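# pasting the structure only:
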């Protein structure tokens, strides 16, 4: 059985790419988080009730799936009654008619409200998690490369290997 020998130069090139991709994912996740926090900071909380659950069928992955979207009513601080349909649908439904939920709404545009739920944070968790995993894997690969280089003669061995490859 032949063991495949990896080129240290390939790992050296791959490591910065792994770290750059990880940093891009982390940066994108932090930007989404900051935008969401900024948006939510300008909103006012209100108690509301789910008055209806609307079912919509969507074609996902070449098959029809039905998603349930809650229709919510709440009163603004000025007493105006607002009714809106949430953009977050689920299968199975996350809410039923009669459920009490907290909404966040923009006092300048009360129709642009959202149900205060963790699902708004899901993209943040995905991008921060993926970035963290990429950077973590890059760190493990860096440690692995460092240990292999110690066997080859340390940093001087690395510099010599790079210079030797350039001459040939």
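Perfect, thanks for sending it. Remember, predicted model here, so these are calculated numbers, not experimental data.
# so where's this structure uncertain?
1-11, 149-150, 152-158, 160-161, 164-168 (pLDDT under 70).
# show me which strand runs longest in it.
The longest strand of the chain (DSSP state E) is strand 44-60.
# the helix or strand that that strand is followed by packs against which elements?
Using DSSP states H and E, the helix or strand that follows strand 44-60 towards the C-terminus is strand 63-75. Packing partners of strand 63-75 (3 or more CB pairs under 8 Å, 6 or more residues apart in numbering; DSSP states H and E): strand 44-60, strand 81-85, strand 100-106, strand 109-115. Any C-beta I mention is one placed from the backbone N, CA and C, and that applies to glycine too.
# note down every partner strand of the longest strand of the chain and its orientation.
strand 63-75 (antiparallel), strand 100-106 (antiparallel) (DSSP bridges).
# between those strands, which gets nearest to residue 93?
Nearest of those to residue 93, taken as CB to CB: strand 63-75 at 3.5 Å.
# contacting residues around the closest one?
Here strand 63-75 makes contact (CB atoms under 8 Å, 6 or more residues apart in numbering) with 46-59, 81-95, 99, 101, 103, 105, 113, 115.
# separate out the buried members of those residues.
46, 48, 50, 53, 82, 84, 86, 89, 93-95, 99, 101, 103, 105, 113, 115 (16 or more other CB atoms under 10 Å).
# distance of residue 63 from residue 54?
Using CB to CB, to the nearest Å, one obtains 20 Å as the distance from residue 63 to residue 54.
# typo on my end, it should be residue 37
For residue 37, the distance to residue 54 - CB to CB - is 29 Å.
# try residue 112
18 Å.
# residue 16: how many residues sit nearby?
10 (other CB atoms under 10 Å).
# with residue 128 instead?
So residue 128, with other CB under 10 Å, has 19 neighbours.
# OK, contacts around it?
Taking CB under 8 Å, 6+ apart, one finds 25-26, 29-30, 33 in contact with residue 128.
# which of those residues fall within helices?
Among the contacts of residue 128, DSSP state H puts 25-26, 29-30, 33 in helices.
# and those, which is closest to residue 137?
residue 25 (12.1 Å).
# for residue 129, see how far away that closest one is.
9 Å.
# with residue 91 instead?
Counting by CB to CB - residue 91 and residue 129 are separated by 23 Å.
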